[in-house]
Structures are given as C-alpha cells and as structure tokens.
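Q: only geometry, no sequence info:
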C-alpha cells in the first residue's frame, strides 16, 4: 500500500522539527510495531522497514517513557548492505496517552503517541464501571486527545440498559462522544468512520472481552485478529491482543490496538484531576472552612450536596481515591528523582570523566550511533 507521510500523520510541525535531520541524510518514519528488540517502521511511500534503536537515543532517555514507542515519529539513518537501520532521534510527541506502570512503581507506561482520538470500548454488562470510566477520562484529558466511548455488545442487553449506561457516561464527561454499538450485528459501527479520516490516528483501549478486536476486524474489513466467545463466568474474551500495533485502515486513517487493560493506574497531575472533577472543586470552594475535610466539619458544602442527592457519594469517594493515588505517585517520583540525583553525584565524584568516557566507549562500539 503506497502511503504519503501526510497519510501517516505527518504535519508542518513535524516537518519543521525534522529540518536539521534532513541535512544529515536521515529519513522520517513512523513506528508501527514494537518487536522488543527491533521496531517496525513506515517510511514515505508506505515502505516498511525493520529498525533498531541507536545507543545514543537509548542512553539519552532518562526514563522508559522517553524511549520511542508505537505511534512515534523518528529519524532513521538507513543502513547499507548488512547494516542495521538506526533510530537516531525521536520527534516531540504532539499527544501521548499513558498510565502508571503496574506494580509499586513511579514509572510511566506509554500506551499510544501522536493520536487524535482515544476510543474506549466497554459494554452495559459486567464491564461497565463508572469509576473506571472516570479514570480513563482523566488520562485522556492529559493526553490532549478526543474521548470517544463505545457501549458495545448492545445485542446482548436490553435497549434500556444500553441507554442507561450511555447516559451515565455522558454525565461523567459531557465533552465525550458516546455511541451504542454492536460488532456482531453491525449496529452503530459506521459512526467510527467519522473519526478515522486520512492522517488521523485513534487508539483503541478497553478491557479484554468487550469486543474491541471484533470492532477492529470490521474496520479492517478482514479477520485480522482471531476472536472467540466470551467466558460466561469471567466476562473475558478468549482472544487477547498481545502487543501494540499501528494499523492502516483501507479507507484511510490509522488505529493503535492495545492489549486489554485490567487496571487503570493514574499518571496525571492535580490540575488535570481537578479539571475533570470541576463540580466537586466548585462545591469545595463553598465550604465554610477552607481546610474542610468534607467529613463531619460544620458547613461542608460537599456533604450537604451528597445528603440532598445533588452529588453522587460514589463519585466523591472515587475522586478521593484518585487524589490519594496522585499524591502517592508524586511522592514516589520525588524519591526516585532523589535516588537518581544521588547516584549521578556519586558517579561523578568517583570519575569526573565518567560521562565522556562512556560516550567514547559507545562511539567505539557503534560508530554510527
């Protein structure tokens, strides 16, 4: 398939940033697959090449999140016969959807980059969870992408149940587009084509078993992914996407498929959280005391709103939990940075030329890096 850079998402901002790399003879490409050791990349004309990360780019990345990921635009130094094609630079990300990596860590896990739309797939049955949707919306807000939610598998549930779930999601985020769909009976799926235009990239996320793969198969027009029935007890599908991949759609547009997300760990800041829960912030400003704990304090506007039924207590408790997670994340990140700074100072004290010596060693190992 012949594709121009523009059809792959290239724009004037990327072109401007790439200008100095053209002078070095490097070529722009977009990463479409992470093979762990190598990457798959698409160049102008839709030419796919296998590429390797240069030592320079790897060692300059301060965290794993700064290492190139699926969706990133990179600068390639093409290898000659018998030589690897190297990623010599990663361009700035115009959007980035990420979460905190699983486990007790302060590391960011990048899910998709340079995307315009994040499509969250859920259903009106076992998968529906308002608190999880709030987490998704908070992360999408930070990514700067458009939020679209599909209440999928509508053929399995009464229309009233589907409509109720969709209404609850719209109440959580009026700016999100919410659609009721069914890949099995081809209901409402056509609406996705309004978002997937030429040059536009969408990331598909959701739990395992919500029909994400079946929807993607319909968009691709082929059974690209194997799908099977869902376990009646666990509600999980037997098919599980095992790796992230950027896919080119026949009618234009691109999508990044992701493995099923079991836990939505927060990776955001207090500002984004408070913007997402602006209603709670507004109520807090009306409390009698500025340091109100919103429990038994006199004149608490939040507690009064919950008693009147104007604020869902579950939503407020969800906010408190997210706020606590972000506070813990900030503490972990601070401790991690202190550890890194301490280690850097110790290495510099032991060998002031450590950085230059290491760079020279890398150059000797890989002259083109």
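A: Received it, and whenever you're ready, just let me know what you need. No experiment lies behind these values; they were computed from the predicted model shown.

Q: Provide the secondary structure category for residue 94.
A: Look at residue 94: counting by DSSP: H, G, I helix; E, B strand; the rest coil, its state is coil.

Q: And residue 57, by the same measure?
A: Remark: residue 57 carries the secondary structure label helix [criterion: three-state DSSP].

Q: May I have the beta-bridge partners of the residue nearest to residue 248 when sequence neighbours are not counted?
A: Sequence neighbours aside, residue 254 is the residue nearest to residue 248 in space, at 5.6 Å (criterion: Cβ to Cβ, 6 or more residues apart in numbering). The way it works is simple: take the backbone N, C-alpha and C, and place the C-beta from them, glycine included. According to DSSP bridges, the partner residues bridging residue 254 are residue 201, residue 248.

Q: so who does residue 254 touch?
A: Residue 254 is in contact with 8-9, 196, 200-202, 246-248, counting by Cβ atoms under 8 Å, 6 or more residues apart in numbering.

Q: rerun at 7 Å
A: Contacts of residue 254 were listed using Cβ atoms under 7 Å, 6 or more residues apart in numbering, and they are 9, 201, 246-248.

Q: Tell me the spacing between it and residue 57.
A: From residue 254 over to residue 57 the distance is 23 Å, taken as Cβ to Cβ, to the nearest Å.

Q: Check the secondary structure at the residue of the chain most remote from its centre for me.
A: With distances taken as Cα atoms, centre = their mean, the residue sitting farthest from the centre of the chain turns out to be residue 298, at 41.5 Å. Classification of residue 298 using three-state DSSP returns coil.

Q: And for residue 21?
A: helix.

Q: got the contact list for residue 177?
A: By Cβ under 7 Å, 6+ apart, residue 177 lies in contact with residue 148.

Q: Look up phi and psi at it.
A: Reported as degrees, to the nearest 10, the phi and psi values for residue 177 are phi -90, psi 120.

Q: all helices of the stretch 151-300 of the chain, in order?
A: The residue ranges that make up the helices of the stretch 151-300 of the chain, judged by DSSP state H, counting those that start in this stretch, are 159-172, 212-220, 270-276, 278-284.

Q: Let me know which of these is tucked in deepest.
A: By mean neighbour count, with neighbours taken as mean count of other Cβ atoms under 10 Å, helix 212-220 ranks first of these at a mean of 21.

Q: The spatially most central residue of the chain pairs with what?
A: Averaging the C-alpha coordinates of the chain gives a centre point, and the residue nearest to it by Cα atoms, centre = their mean is residue 97 (2.6 Å). The residues listed as beta-bridge partners of residue 97 by DSSP bridges are residue 112.

Q: That one contacts residue 112, correct?
A: Yes. Counting by Cβ atoms under 7 Å, residue 112 is a contact partner of residue 97 at 4.8 Å.

Q: overlap in contacts of those two?
A: When contacts are counted by Cβ under 7 Å, 6+ apart, residue 97 and residue 112 have residue 203 as shared neighbours.

Q: Strands of the stretch 51-200 of the chain, start to end?
A: Defined through DSSP state E, counting those that start in this stretch, the strands belonging to the stretch 51-200 of the chain, from first to last, are 73-77, 85-90, 96-100, 108-113, 117-123, 146-152, 177-180.
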